[in-house]
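Trainee: with the input below, show me the fold.
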Amino acid sequence: MTRGSAIARLRLRVFAGGMAGSVLALVAGMAAGAVAPMPSAERAPAFQAPRGAQVLTRLLRRQLGDGAVLEATRRYAVTFTPVAGGYRVDGRQIDVRIDAPARLAALAAIERGRQDDAMFPILLDVHGQIVAFSGRTLAEADGAPGHAALREIETAINASSIDDGGRAQALQAARLMAGRVTRWPRDLFRPTGAERSETRALALPDGGDGTVTVAIRATLRDDALARFERTVTTSTGGEPRTSTETWWLGRPSVAIR
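Mentor: Residues are numbered from 1 along each chain as shown. So this is what the prediction gives:
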């Protein structure tokens, strides 16, 4: 079996029986805008960013089709610098931890080797809301090419001998794992609501139906991010499947080198 075919089949097994194209599109839309920042953000006092070195942690937890769980924890050293109209958030990945079932060792190795900090610098407006990633507006960032690691995986999948249907599913799975389907919440650094959720009906290609629910829970410390959790629950007739992203911000517990 070629390397490309192996990667494609690995990714397909991880998400088998789960995400059809319509599911991905709906989840993307909801995560990007349906559970949007509350209007009160525009009436709040100007954002006062945390001072000094900070560590932003992001934990991505995905439930797999067989009930197993895949977790990716990434830590970023970040600083907030005042600029005209808001703040610039500079950052770099300083640590990564991947926890996966033994059968997914190859996938875990790919994720451990992925340097995921291309979104920096992040630009915030005066209210602490994200307005740009790495010099691109939110709309531009959504349409930008994926990380180099994702492009490598896409190339391997496209060059493999897997059939067209399997290739399409494998590509969707790769993009989901790399984070292209959902984006970081606009109100991440200054959450505008402690708890909110939205559920939408989902029409499946086979004529069935289901639901997708996006729930947000957030807490603040000194008017800035303390903890932000976004949970996506997809129910398509079988067992509900969840994907949770959690971010928290705080002082580094050890020196950052």
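
Trainee: tell me the bridge partners for Thr211.
Mentor: Beta bridges link Thr211 to Ala201, Ser235, judged by DSSP bridges.

Trainee: report how many residues lie close to it.
Mentor: The number of residues packed near Thr211 is 14, by other CB atoms under 10 Å. Heads up, the C-betas are built off the backbone N, CA and C, glycines and all.

Trainee: correct me, but it touches Ser197?
Mentor: No - with contact defined as CB atoms under 8 Å, Thr211 and Ser197 do not form a contacting pair (11.6 Å).

Trainee: okay, the residue lying closest to Val78 once chain neighbours are set aside: pLDDT?
Mentor: What sits nearest to Val78 in space, not counting adjacent residues and going by CB to CB, 6 or more residues apart in numbering, is Gly91, at 4.0 Å. Looking at Gly91, its pLDDT reads 97.

Trainee: would Gly91 count as being in a strand?
Mentor: Yes - under DSSP: H, G, I helix; E, B strand; the rest coil, Gly91 sits within a strand.

Trainee: in what helix or strand does Pro82 lie?
Mentor: Taking DSSP states H and E as the criterion, Pro82 maps to strand 69-83.

Trainee: just checking, what packs against that strand?
Mentor: strand 54-63, strand 86-99 (3 or more CB pairs under 8 Å, 6 or more residues apart in numbering; DSSP states H and E).

Trainee: in CSV, list these along with mean neighbour count and distance to Gly207.
Mentor: Converted to CSV, those look like this (neighbours: other CB atoms under 10 Å; distance: least, CB to CB, whole Å):
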stretch, mean neighbour count, distance to Gly207
strand 54-63, 19, 25
strand 86-99, 17, 37
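
Trainee: quick one, which of these is nearest to Arg241?
Mentor: Across the helices and strands packed on strand 69-83, Arg241 has its closest neighbour in strand 54-63 (5.0 Å, CB to CB).

Trainee: which strands and helices sit next to the closest one?
Mentor: Strand 54-63 packs on strand 69-83, strand 241-250, going by 3+ CB pairs under 8 Å, 6+ apart.

Trainee: circling back to that earlier point, please identify the buried residues of the strand holding Pro82?
Mentor: For strand 69-83, the neighbour count (16 or more other CB atoms under 10 Å) marks Leu70, Ala72, Arg74, Arg75, Tyr76, Ala77, Val78, Thr79, Phe80 as buried.

Trainee: that strand vs strand 86-99, what angle?
Mentor: Put simply, strand 69-83 runs at 160 degrees to strand 86-99, going by axes from the mean of the first three to the mean of the last three CA atoms, to 10 degrees.

Trainee: rewinding a little: my read is that the residue nearest to Val78 contacts Pro121, right?
Mentor: Yes - using CB under 8 Å, Gly91 is in contact with Pro121, at 7.4 Å.

Trainee: about what we covered before: kindly report which one of the helices and strands packed on strand 69-83 carries the lowest mean pLDDT.
Mentor: Taking the mean pLDDT of the helices and strands packed on strand 69-83, strand 54-63 comes last: a mean of 92.

Trainee: partner strands of it, with direction?
Mentor: As assigned by DSSP bridges, strand 54-63 forms pairs with strand 69-83 (antiparallel), strand 241-250 (antiparallel).

Trainee: export those to a markdown table and tack on mean pLDDT and distance to Leu138?
Mentor: Formatted as a markdown table, those follow (pLDDT from 0 to 100; distance: least, CB to CB, whole Å):
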| stretch | mean pLDDT | distance to Leu138 |
| --- | --- | --- |
| strand 69-83 | 94 | 17 |
| strand 241-250 | 92 | 17 |
